[in-house]
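> any chance you could fold what I've pasted below:
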Amino acid sequence: MMTSASLDILARIFLGLSMTYFVATISEVVWHRHVYHASSRTRRFWARYPRYFDYFLRHHYRHTIVHHALTFRVDHITQFKDLEAKKEIDLIVAPKNDKLIHRDGYGLYSSISSGLSSLITFNITVAPIIPILYWIAGPWVLVGGVPILILSPMLTMLIHPFLHQHHETPAPNPSLFFKVLMRTWYFKRLWRHHFVHHKFPNSNFNLLLGGDHLLGTYRRPDEKDLTDMAAFGMPFERANIN
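Numbering: from 1, shown residues only. Here you go, the predicted model:
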């Protein structure tokens with residue numbers, strides 16, 4: 001039987017988890033939308049002060065230009081049409097002299113070095129909630145809140161590559177953990193969410209689901225989207241898609 005003390009601890013853990021997740025999912029949309037998919041006006045401003053904004057410009061180039069425009073042009077699961085297409089892309093990105101483009105699989109995942117960088121950058125806007133919650137509710141909030149700080153970078157490093165694979169026949173074959181993960185409601189929802197993002201880059205920015213709904217950037221898949229998803233092994237019932 002749960003004691004009042006145990007319930008109090010659980011409540012504090014839940015507070016830390018829910019509030020940190022709330023801030024993190026909102027921050028992910030803001031970062032993804034206004035840095036990775038920054039407007040031309042914003043990029044022109046950044047270009048005037050490269051000493052301060054080169055970091056943002058490089059993130060935009062790796063994501064919008066390389067990941068969205070140069071790769072996955074055939075379909076959602078084909079990163080390169082063939083080796084010749086890959087060579088052409090290498091020639092296009094060569095003048096940037098950005099080693100992380102190749103190290104991060106042309107935007108498909110984050111290497112350890114860039115993942116650590118993203119961990120720091122992303123959490124600049126998220127981490128301040130932790131001491132605030134600690135001040136309000138004490139140390140138990142850390143149990144729920146701190147793990148959220150690494151969740152978004154981990155989704156990019158580990159989960160994002162599987163969002164660009166055939167759902168029924170992924171390659172390379174995932175581990176048992178990922179085979180189980182790919183059958184969960186969250187992964188299926190995320191797969192559909194990200195599929196729509198690649199068709200309509202000004203929507204569905206989250207890998208931590210939630211922020212798009214809160215900020216009005218969520219786009220529901222239409223009938224054409226659902227048909228295209230089915231071709232890549234994503235099972236669903238149309239009545240349950242929202």
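> relative to residue 31, how far out is the most centrally placed residue in the chain?
Nearest residue to the geometric centre of the chain (CA atoms, centre = their mean): residue 207, 3.9 Å. Using CB to CB, to the nearest Å, residue 207 is found at 11 Å from residue 31. Where you see a C-beta, it was placed from the backbone N, CA and C, and this is true even at glycine.
> common neighbours of these two, please.
Counting by CB atoms under 8 Å, 6 or more residues apart in numbering, residue 207 and residue 31 have no shared contacts at all.
> count the residues that sit near residue 19.
Other residues near residue 19 come to 20 when the count uses other CB atoms under 10 Å.
> which element is it on?
helix 4-31 (DSSP states H and E).
> check residue 146 too.
If you go by DSSP H and E, residue 146 is part of helix 141-154.
> about what we covered before: my guess is the residue nearest to the centre of the chain contacts residue 28. True?
Yes: if you go by CB atoms under 8 Å, residue 207 and residue 28 touch, sitting 6.8 Å apart.
> still on that earlier bit, show me what the helix holding residue 146 is in contact with.
With CB under 8 Å, 6+ apart, helix 141-154 has contacts from 12-21, 24, 28, 110, 115-116, 118-119, 122-123, 126-127, 129-130, 133-134, 207-208.
> list the buried residues in that helix.
For helix 141-154, burial by neighbour count (16 or more other CB atoms under 10 Å) applies to 141, 142, 144, 145, 148, 149, 151, 152, 153, 154.
> quick one, what contacts the closest residue in space to residue 170 that isn't next to it in sequence?
Distance criterion CB to CB, 6 or more residues apart in numbering; nearest residue to residue 170, sequence neighbours excluded, is residue 162 at 6.2 Å. Residues near residue 162 by CB under 8 Å, 6+ apart: 170, 174, 178, 181, 182, 187.
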